[in-house]
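> After the sequence you'll find the predicted model.
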Amino acid sequence: MTLSPAVDAWAEEEPGAATDRSGWPGGIPSRVVRPRAVIEVQQLLAEAYRTRTPVIPRGAGSGLAAGAVGVEGAILLDLSALDRILELDADEQLARVEPGVITADLDAAASAHGLMYAPDPGSVGISTIGGNIATNAGGLRGAKYGVTRDHVLALDVVLADGSLVRVGRDTIKGVTGYDLVSLFTGSEGTLGVVVGATVRLIPRPARTATAAAYFADIATAARAVTAITRSGVRPAVLEILDGRTLAAIDDLEGTALRERGDALVVIQTDGYGAEEELEVLTSAIAALATDVQTATDAAASDALLFARRRALPALEALGRVLIEDIAVPRKRLAEAVDGISDIAQEEGVDIFVFGHAGDGNLHPIIVTERGAADDPVPDAAASAAERIFALALELGGTITAEHGVGRLKKEWALRELGPEVHALQWRLKEAFDSRGILNPGSSL
Ligand SMILES: Cc1cc2nc3c(=O)[nH]c(=O)nc-3n(C[C@H](O)[C@H](O)[C@H](O)COP(=O)(O)OP(=O)(O)OC[C@H]3O[C@@H](n4cnc5c(N)ncnc54)[C@H](O)[C@@H]3O)c2cc1C
């Protein structure tokens, strides 16, 4: 397919924009347009609509679902240059931002006013607010503060035909009309292009307290998560790592985490009662843990969280990683980790497990030999991934908790949603994008 001369004139060839961080081998180098004003996004969409040119919105390309990848005949619409924080209102506790703002930069700007932008995906230093909204990103603080959707009040969206609409409002409450903010949030660039957002800020916690609790095995660690959920205290961070991941971190960083136990749960509480709350939580798991370290100052807390932050880099150092992203009811975490271990043995593949236990969200990471970027995924690894999705559904869970469906999990999304709901989603898609130009081939 050839691009319209108008679109082609705006675009540049950028081979690096072929794929995202999922390692999707199908991405191709595409023509990229990087607008510097909302009106340019509108002009591009209007021309794409007229010429039926597919448009793939893209933030930082840190996605793990092959949502923002190069597609034959499509334009990659890179929003990263729309990166201004337009307003930070400390009295109303909200910020108005462009989509290309890096998540950590917004949180740092809020911090200067004693505020916090709560969603903090592991990619906080590289991903954009627009990408976070499009994927409804989660993060480490999700156990207490929820996901991106819980923090978005209003959106400016360019629709498929180039028209600009504003949905939601700049008030903390408001229920007029359908909740289109929630619909666009998590729609993975298939319903409209986010060109602005009003997001909620919250008071930055005065104190934090952190614990690293080690266990004899991951099933016991999962039981500790249930004890924490029942304790009456809600931690801000509740992360779990299995022993194999700890060993990989030790190999990369020269630490000795594995000597302390075969699974780690990292807990953080925050606010004025942080220390008291942490005491309640550590008492709740004392009978299960083999070793518990605690910290109340920032540097020592960071040291305890260090292992969690290095989990993915440590596995990437071992080979090619397939990052899965299931969630199960939290009381079934132990069954999920047992099931994943069985799958690894039966398929003969290496699977490491860490995740946001407070949300029931596990990231089973299948590590295979590093080959060429476009090598197909080995059959055993692909089969293990399929069985992990099936396990998640059997346990009453979901095939993706935060990374999105993208091009990777479309078949499984259909299985999870069922034909009626899937068809309803297509009807919504057609209402917003009758010519099917917005991120075609992704999500549905
Ligand atoms: C090391 C690492 C750690 C990660 N940790 C987490 C984590 O803890 N939690 C989590 O949820 N994710 C995590 N991710 C995945 C990823 O960072 C998130 O999905 C993130 O939200 C993507 O943001 P992005 O700006 O890179 O978007 P992209 O990857 O560029 O795009 C992602 C999707 O959003 C769409 N999109 C992007 N911008 C817009 C826009 N302005 N309007 C409409 N659609 C748009 C794209 O079409 C695509 O479908 C991690 C990734 C890495 C590499």
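The structure has been received and is ready for your questions.
> switch to C-alpha atoms for all contacts and neighbour counts from now on
Fine.
> list the contacts for R204?
S111, G114, L115, M116 (Cα atoms under 8 Å, 6 or more residues apart in numbering).
> Among those residues, name the buried ones.
With burial judged by 16 or more other Cα atoms under 10 Å, the buried subset of those is S111, L115, M116.
> In strands, which of these fall?
Judged by DSSP state E, the buried ones among the contacts of R204 include L115, M116 as members of strands.
> For the buried ones among the contacts of R204, give me JSON lines that also has pLDDT.
Output for the buried ones among the contacts of R204, formatted as JSON lines (pLDDT from 0 to 100):
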{"residue": "S111", "pLDDT": "98"}
{"residue": "L115", "pLDDT": "98"}
{"residue": "M116", "pLDDT": "98"}
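> got CSV for the buried ones among the contacts of R204, with distance to T290 too?
Output for the buried ones among the contacts of R204, formatted as CSV (distance: Cα to Cα, whole Å):
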residue, distance to T290
S111, 36
L115, 37
M116, 34
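> first vs last residue of stretch 231-238, how far apart are they?
Across stretch 231-238, the terminal residues are separated by 13 Å (Cα to Cα, to the nearest Å).
> Likewise for stretch 95-107?
End-to-end distance of stretch 95-107 (Cα to Cα): 10 Å.
> returning to that earlier point: so of the contacts of R204, which two are at opposite extremes in space?
Spatial extent of the contacts of R204 (Cα to Cα) is set by the pair G114 and M116 at 7.1 Å.
> nearest spatial neighbour of A221, skipping sequence neighbours?
Nearest non-adjacent residue to A221, counting by Cα to Cα, 6 or more residues apart in numbering: F215, 5.7 Å away.
> and what of A108?
Leaving aside its sequence neighbours, A108 sits nearest to M116 (Cα to Cα, 6+ apart; 7.9 Å).
> Now do the same contact list for that neighbour.
Counting by Cα under 8 Å, 6+ apart, M116 touches D107, A108, A110, L201, I202, P203, R204.
> for the buried ones among the contacts of R204, which one is nearest the ligand?
Nearest to the ligand among the buried ones among the contacts of R204 is M116, at 17.0 Å by Cα to the nearest ligand atom.
> who in this protein is up against the ligand?
The chain comes close to the ligand at residues 20-21, 56-64, 67-68, 79, 99, 121-123, 127-128, 130-132, 134-135, 137-139, 188-189, 192-195, 402-403, as judged by Cα under 6 Å from any ligand atom.
> Show the buried residues in those residues.
By 16+ other Cα under 10 Å, the residues of the chain next to the ligand give 20, 56-64, 67-68, 79, 99, 121-123, 127-128, 130-132, 134-135, 137-139, 188-189, 192-195, 402-403 as buried.
> Nearest to the ligand within the stretch 151-300 of the chain, name that residue for me.
Closest point on the stretch 151-300 of the chain to the ligand, by Cα to the nearest ligand atom, is G189, at 3.3 Å.
> repeat for the stretch 301-444 of the chain
Proximity of the stretch 301-444 of the chain to the ligand (Cα to the nearest ligand atom) peaks at E402, 4.3 Å away.
> Let's verify that residue: helix, strand, or coil?
coil (DSSP: H, G, I helix; E, B strand; the rest coil).
> Contacts only, for it.
For E402, the contacting residues are T135, N136, A137, G138, D325, by Cα under 8 Å, 6+ apart.
> Could you dump those residues into TSV and include distance to R166 and secondary structure?
Below are the contacts of E402 laid out as TSV (distance: Cα to Cα, whole Å; DSSP: H, G, I helix; E, B strand; the rest coil):
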residue	distance to R166	secondary structure
T135	19	helix
N136	18	coil
A137	21	coil
G138	24	coil
D325	32	coil
